[in-house]
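Undergrad: just the structure for this:
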Amino acid sequence: MAVSSKKSASAVAAAPPRPDQLDTRVLEALVGYNARRAWLAVSTVFAERMAAYGLKQVDFSVLSLLAHNPGATSRQLCATLDILPPNLVSLISAMDSRGLIERRPHPHDGRAIGLYLTPAGVSLVRDAERTVVELEAEASARLTTRERETLIRLLQKIYH
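TA: Numbers count the residues shown, from 1 in each chain. Model (predicted):
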């Protein structure tokens with residue numbers, strides 16, 4: 001009987017680490033660990049590229065939501081992004097100071113204030129979204145389109 005010199009994929013995956021590496025098999029079997037590692041890879045590039053726009057991840061998320069949901073309320077933003085209201089207040093204030101958003105009466109709820117992008121906010125978010133789409137494509141370049149869609153769908157099943 002001939003012995004194959006090729007190792008099966010499962011044998012390679014289960015092989016103990018080399019002496020100069022740590023054994024990460026337990027961690028790599030955890031959803032949270034893998035999600036965090038992927039997030040770190042993407043968020044580092046995100047932070048670098050969004051620095052040109054003066055945006056952090058939460059800033060980008062708020063501006064993008066307002067671009068696609070003009071008149072959204074602070075309450076809606078907090079619920080969608082899981083942000084505490086006091087944290088959103090300072091974020092909205094900073095965006096207002098930068099001239100990116102404005103507050104107007106809500107079109108359907110007279111008691112609420114709607115948040116809208118200013119022309120400067122529209123321009124900024126358009127450029128920032130284009131940059132994020134590019135960096136996401138780069139970050140997920142090893143995945144097929146179908147794999148990327150599946151990954152997003154599976155991650156959403158965890159938090160929806």
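
Undergrad: so which strand or helix has residue 61?
TA: Using DSSP states H and E, residue 61 maps to helix 57-68.

Undergrad: quick check: mean pLDDT of that helix?
TA: Helix 57-68 shows an average pLDDT of 97 in the prediction.

Undergrad: from the contact counts, what lies against the helix or strand that it is followed by?
TA: As assigned by DSSP H and E, the chain's next helix or strand after helix 57-68 is helix 74-81. Under the contact criterion of 3 or more CB pairs under 8 Å, 6 or more residues apart in numbering; DSSP states H and E, helix 74-81 touches helix 57-68, helix 85-97, strand 113-117. Quick note: C-beta positions are derived from backbone N, CA and C, even for glycine.

Undergrad: if you set the cut-off to 6 Å instead, what comes out?
TA: For helix 74-81, the packing partners by 3 or more CB pairs under 6 Å, 6 or more residues apart in numbering; DSSP states H and E come out as helix 85-97.

Undergrad: just give me the neighbour total for residue 100.
TA: 24 (other CB atoms under 10 Å).

Undergrad: with residue 119 instead?
TA: 9.

Undergrad: output the below-cut-off pLDDT ranges for the chain.
TA: Applying pLDDT under 70 to the chain flags the ranges 1-17.

Undergrad: so what's the residue nearest to the spatial centre of it closest to, chain neighbours aside?
TA: With distances taken as CA atoms, centre = their mean, the residue of the chain nearest its centroid is residue 57 (6.9 Å). Nearest-residue entry for residue 57: residue 46, 6.4 Å, with adjacent residues in sequence omitted and distances by CB to CB, 6 or more residues apart in numbering.
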